[in-house]
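Peer 1: turn this into a model:
(2 chains)
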Amino acid sequence: MELKRTPLYEAHLRCGGKMVEFGGFEMPVQYKAGVIREHMAVRTACGLFDVSHMGEVILRGTDAVKSLNHLLTNDYTVMEDGQARYSPMCNEEGGTVDDLIVYRQGENRYFVVVNASNREKDVAWIKAHVCGETEVEDVSDEYGQIALQGPLAERILRKLTAEGNIPRKNYTALWDRSVGGVNCIVSRTGYTGSDGFELYTPAGDTEKLWDLLLEAGAEDGLIPCGLGARDTLRLEAGMPLYGHELSDTISPLTAGLGFFVKMGKEDFIGKAAMEAAGTPAQCRVGLKAVGRGIMREHQDVYAGGRLIGHTTSGTHCPYIGYPAAMAIIDRECGAVGTAVQVDVRGRMVDAEVVKLPFYRK
Amino acid sequence: MNFPKELKYSRTHEWVRFLEDGTAYIGITDYAQDQLGDLVFVNLPSAGDTLRAGESFADVESVKAVSDVNAPVSGTVKEVNEALADAPEKMNEAPYDAWFVLAEDVTDTDGLMTAEEYEAFIAEEG
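Peer 2: Next up is the predicted model:
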């Protein structure tokens, strides 16, 4: 399969990006600074990410809300324009098709952001399950997306736009705003656990916006960051990644996302299966290495010599400064403080169950 | 990138520093550390372990991945650089000071390259 390129492909090469395949795209895994410095920039100053590979889908029509409430586990009944709301999207068995963010753009019009690797599957699933008057349009190719993340993100953005164009509250967005002369949706969201913004812009203007931001942020320590840092940052922040903590067979309840599953809602895809299954036998936990060794994904987790589950993501986390992992294990072993062992390529590494997230701003 | 003339190099990107008494220090090259990225962990062998040229004797981990480190020569581990385990970033900062092991009874040195040969080799491989 031929790899796709985002509108920022040339910019990545100019910035010294090391390109790899991800979700069908050629993406930078890191730039010259390296994963650790990129990670630290986001925690202490600011980092710039190309997230144009994410998919964008518009749902519109008089039954759009009804469709969202049927398709997604979260409740979209009461929502203001510009508000953003996260949700898992489940299959009939209660497994997860994807996790996504829905923005209310206006009455009967919603802007949905999905994972790159699930884009085609999601669009087909959404089209097959919307109800009544709901039109579904995949607009992914029309948009570029840049994430500006870190404690100095607002200060940097402010150099390119008026204060009124900066959303005050987390998980809100402003439509049709000019950032350095580029038309953007300015959203106060992110996938790093630090403050920051995601800017959606016409594909053709993305490179201009990228260059403007890098220039405006240079004096504040803004550097481009790749997928490597994006992954270590989201892990430190305890955020699930589809294909790791969530999948077609992992329910959002197992993944600890019960807050986003509104069982009180009339009906939604997967509700019956989740009700029938009751409390899942396993749960997602954070693991902190006590012994020496770096836990990675797909490693067996033991307690008292018994296999209790496996890791779903793991690495050395630069800001908190220790190796950390997320794992899906038997619920009775999920209490904070439980001692476990992780089979790290044949060597047992001692770890303990800790509260998620590992990092909170 | 830096490839000191007094060292010998392997095709799997390890360096060897031969001492006058026939023992040799072993580490990873500047090219290797650059390709691997920020290193955060090293798993070292123990004194007395056997080294077999071309076979893994240690592993290093970046935030992204685990990579084997192969023995560039055969021999026996005489001494292990335990300090490296506490400061894995030294492999990035000063790869030729960051030795993994000191080997004795060293054999199988035929495949090693000079600095010039190694530089030509990575230019071709890159």
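Peer 1: what's across from the residue of the stretch 251-361 of chain A found nearest chain B in the sheet?
Peer 2: Nearest residue of the stretch 251-361 of chain A to chain B: A:His316, at 4.1 Å (Cβ to the nearest Cβ). Any C-beta I mention is one placed from the backbone N, CA and C, and that applies to glycine too. Beta-bridge partners recorded for A:His316 (DSSP bridges): A:Pro323.
Peer 1: quick check: it vs A:Lys18, distance?
Peer 2: A:His316 sits 19 Å away from A:Lys18, going by Cβ to Cβ, to the nearest Å.
Peer 1: more neighbours: which of the two?
Peer 2: Using other Cβ atoms under 10 Å in any protein chain shown as the criterion, A:His316 and A:Lys18 rank with A:His316 on top: 26 against 17.
Peer 1: pull the contacting residues for that one.
Peer 2: Neighbouring residues of A:His316 by Cβ atoms under 8 Å, 6 or more residues apart in numbering or on different chains: A:232, A:294, A:322-324, B:40-41, B:61, B:63.
Peer 1: same thing but at 10 Å, please
Peer 2: For A:His316, the contacting residues are A:35-36, A:232, A:235, A:289, A:293-295, A:322-324, B:38-41, B:61-64, B:88, by Cβ atoms under 10 Å, 6 or more residues apart in numbering or on different chains.
Peer 1: the helix or strand A:Thr232 falls within and chain B in contact?
Peer 2: Per DSSP states H and E: A:Thr232 is located in helix A:227-236. Yes: Helix A:227-236 is in contact with chain B by Cβ under 10 Å from any Cβ of the partner chain, via A:227-229, A:231-232, A:235.
Peer 1: sec struct for the residue most central in space within chain B, please.
Peer 2: Relative to the mean C-alpha position of chain B, the nearest C-alpha, by Cα atoms, centre = their mean, is the one of B:Gly27, at 2.4 Å. Following DSSP: H, G, I helix; E, B strand; the rest coil, we place B:Gly27 in the strand state.
Peer 1: who's the closest spatial neighbour of it, skipping the chain neighbours?
Peer 2: Sequence neighbours aside, B:Trp99 is the residue nearest to B:Gly27 in space, at 4.7 Å (criterion: Cβ to Cβ, 6 or more residues apart in numbering or on different chains).
Peer 1: model confidence for that neighbour, exactly?
Peer 2: Among the per-residue scores, B:Trp99 shows a pLDDT of 98.
Peer 1: repeat for A:Arg292
Peer 2: Per-residue confidence (pLDDT) for A:Arg292: 89.
Peer 1: now the residue nearest to the centre of chain B: how far from chain A?
Peer 2: 20 Å (Cβ to the nearest Cβ, to the nearest Å).
Peer 1: just grab the bridge partners of that residue for me.
Peer 2: Assigned bridge partners for B:Gly27, using DSSP bridges, are B:Trp15.
Peer 1: surely it meets B:Ala71?
Peer 2: No: in this structure, B:Gly27 is not within contact of B:Ala71 by Cβ atoms under 10 Å, at 11.8 Å.
Peer 1: now list whatever residues contact both of the two.
Peer 2: B:14, B:16, B:58, B:100-101.
Peer 1: mind putting those into TSV with distance to chain A?
Peer 2: TSV is the format used below for the shared contacts of B:Gly27 and B:Ala71 (distance: Cβ to the nearest Cβ, whole Å):
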residue	distance to chain A
B:Glu14	20
B:Val16	26
B:Ala58	13
B:Phe100	16
B:Val101	18
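Peer 1: show me the contacts for A:Ala33.
Peer 2: Counting by Cβ under 10 Å, 6+ apart, A:Ala33 makes contact with A:15-16, A:39-41, A:47, A:223-226, A:229, B:38.
Peer 1: which ones among the residues you listed map onto helices?
Peer 2: Counting by DSSP state H, those place A:39-41, A:229 in helices.
Peer 1: now that we have those, which one has the most neighbours?
Peer 2: Highest neighbour count within the ones in helices among the contacts of A:Ala33: A:Ala229, with 30 neighbours (other Cβ under 10 Å).
Peer 1: now the strands for the stretch 1-150 of chain A?
Peer 2: Using DSSP state E, counting those that start in this stretch, the strands of the stretch 1-150 of chain A run over A:18-22, A:25-30, A:47-50, A:55-60, A:84-90, A:96-106, A:109-114, A:135-138, A:143-149.
Peer 1: compare those strands and give me the one nearest chain B.
Peer 2: Closest among the strands of the stretch 1-150 of chain A, using Cβ to the nearest Cβ: strand A:25-30, at 6.5 Å.
Peer 1: and the closest one, what does it pack onto?
Peer 2: Applying 3 or more Cβ pairs under 10 Å, 6 or more residues apart in numbering or on different chains; DSSP states H and E, we find strand A:25-30 packed against helix A:9-14, strand A:18-22, helix A:35-44, strand A:47-50, helix A:227-236.
Peer 1: angle of it against strand A:18-22?
Peer 2: Here strand A:25-30 runs at an angle of 130 degrees relative to strand A:18-22 (axes from the mean of the first three to the mean of the last three Cα atoms, to 10 degrees).
Peer 1: now strand A:25-30 and helix A:35-44, what's the angle there?
Peer 2: Strand A:25-30 runs at 80 degrees relative to helix A:35-44, counting by the same axes, to 10 degrees.
Peer 1: distance from the chain centre to strand A:25-30, please.
Peer 2: 16 Å (Cα atoms, centre = their mean, to the nearest Å).
Peer 1: pull the CA atoms of it into CSV?
Peer 2: The C-alpha coordinates for strand A:25-30 follow below in CSV (Å, rounded to 0.1, in the frame of the first residue of the first chain):
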residue,chain,number,x,y,z
PHE,A,25,0.9,7.8,6.7
GLU,A,26,4.6,8.7,6.5
MET,A,27,5.1,10.6,9.8
PRO,A,28,8.0,12.0,11.8
VAL,A,29,8.8,9.8,14.8
GLN,A,30,11.2,12.4,16.1
